[in-house]
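S.K.: generate coordinates for the sequence data below:
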Amino acid sequence: MPLTNTASDLRAHLGFWLRFVSNHVSHAFARKVESLGVTVAEWVILRELHDRDATAPSDLATLTGLTRGAISKLADRLLAKKLLTRTYSTDDRRYQSLTLTAAGSRLVPQLAKLADANDAEFFANLTARERETLRTTLKKLVDANRLTSVPVD
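M.R.: The predicted model follows:
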């Protein structure tokens with residue numbers, strides 16, 4: 001008797017289509033921001049710092065869902081690029097805060113324009129209502145699955 005090997009079709013899965021679109025959107029955005037000398041992960045940190053005063057790395061870790069170690073490595077790279085500064089507390093050298101430099105502050109709006117352009121490029125075929133429905137649906141999935149970390153890869 002022949003074995004029946006049933007397996008659902010790859011393209012029948014919503015996850016396949018989410019990943020397919022996400023990969024293309026993300027890779028296009030990565031190429032765009034890399035043209036300005038930063039990675040997507042660095043962009044996330046720069047954008048989070050843009051509307052804040054001096055921020056502790058631990059607070060950035062909470063905001064992004066990244067580990068403190070990852071924040072430390074990203075901060076080191078952004079310090080080397082002179083896009084942020086690190087200030088240590090005079091009372092306790094273990095406490096530090098991160099702040100955008102003037103160059104970092106000038107770069108964020110340029111990167112945001114690239115993010116806007118990337119969204120427009122990929123989602124232009126959807127009506128405003130369809131885009132809002134998609135955003136609402138994805139946020140619902142984020143909440144339902146308790147997703148907290150910001151995707152950076």
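
S.K.: poorly predicted segments of the protein, please.
M.R.: Low-confidence segments of the chain (pLDDT under 70): 1-3, 153.

S.K.: what segments of it are helices?
M.R.: 14-34, 40-50, 57-64, 68-80, 102-123, 128-144 (DSSP state H).

S.K.: can you get me a residue count around Thr99?
M.R.: Residue crowding around Thr99 was assessed by other CB atoms under 10 Å; the count is 15. All C-beta atoms are positioned from the backbone trio N, CA, C, and that covers glycine.

S.K.: rewinding a little: among the helices of the chain, which is the most enclosed?
M.R.: Mean neighbour count (mean count of other CB atoms under 10 Å) peaks for helix 40-50 among the helices of the chain, with a mean of 21.

S.K.: hmm, back to that, with distance to Tyr95 as added columns, please give the helices of the chain in CSV.
M.R.: Rendered in CSV, the data for these read as follows (distance: least, CB to CB, whole Å):
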stretch, distance to Tyr95
helix 14-34, 30
helix 40-50, 17
helix 57-64, 9
helix 68-80, 13
helix 102-123, 21
helix 128-144, 32
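
S.K.: this completes my enquiry, with thanks.
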